[in-house]
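A.B. asks: I'd like to go over a predicted model; first the sequence, then the structure.
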Amino acid sequence: MFIKFPLLVTVVFLISCSTNTNIKTKNGFDTACAIFQKASLMKLSPQELGNYIADALDKMPPQRASEDVKQVYHALFNVSPKERYTLFKESAEITLKRSWDCHIMKKMYK
C-alpha cells in the first residue's frame, strides 16, 4: 500500500502532463486491451507473452492517450502483479474521464 499511493500520484502526474493532442475515436487504453486480447490467444511462455505485450505497446500508433498507456504500463512493474490491473484501470478512468474495463487484462493479472 505504501508504494501504491506514491506510484498512483506519479502516474496521475504523468497523465496530466501528457502533451498528446492527437484526438481520435480510438484511445490507447482500448488499444492496449486489444493487445492483451490478442496476446491471450497466443501459445507463448509467460516471458514471451510479457515481451510481446511490451513490444506491441511500444509500437502502438499515435492516438489519444497512447503515450499515457506506455508510461503507465512500464510503471506497473513497481507494484505487485495483483495490484497492476487496478492501477491501470484507475489510470485509464482518470485519463478518459469515464468508466473503463478490460476483462482479459484483469484475468491475466490475477
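C.D. replies: Right, received. Where do you want to start?
A.B. asks: which residues touch residue 106?
C.D. replies: 85, 89 (CB atoms under 8 Å, 6 or more residues apart in numbering). Glycine gets a C-beta too; all of them are placed from N, C-alpha and C.
A.B. asks: which stretches in the protein count as helices?
C.D. replies: 4-16, 28-40, 46-58, 66-75, 81-96, 103-108 (DSSP state H).
A.B. asks: with mean pLDDT as extra columns, can I get the ones you listed in JSON lines?
C.D. replies: Shown next, in JSON lines, are these (pLDDT from 0 to 100):
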{"stretch": "helix 4-16", "mean pLDDT": "47"}
{"stretch": "helix 28-40", "mean pLDDT": "95"}
{"stretch": "helix 46-58", "mean pLDDT": "93"}
{"stretch": "helix 66-75", "mean pLDDT": "89"}
{"stretch": "helix 81-96", "mean pLDDT": "94"}
{"stretch": "helix 103-108", "mean pLDDT": "94"}
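A.B. asks: check the gap between residue 109 and residue 62 for me.
C.D. replies: Distance of residue 109 to residue 62, computed by CB to CB, to the nearest Å: 26 Å.
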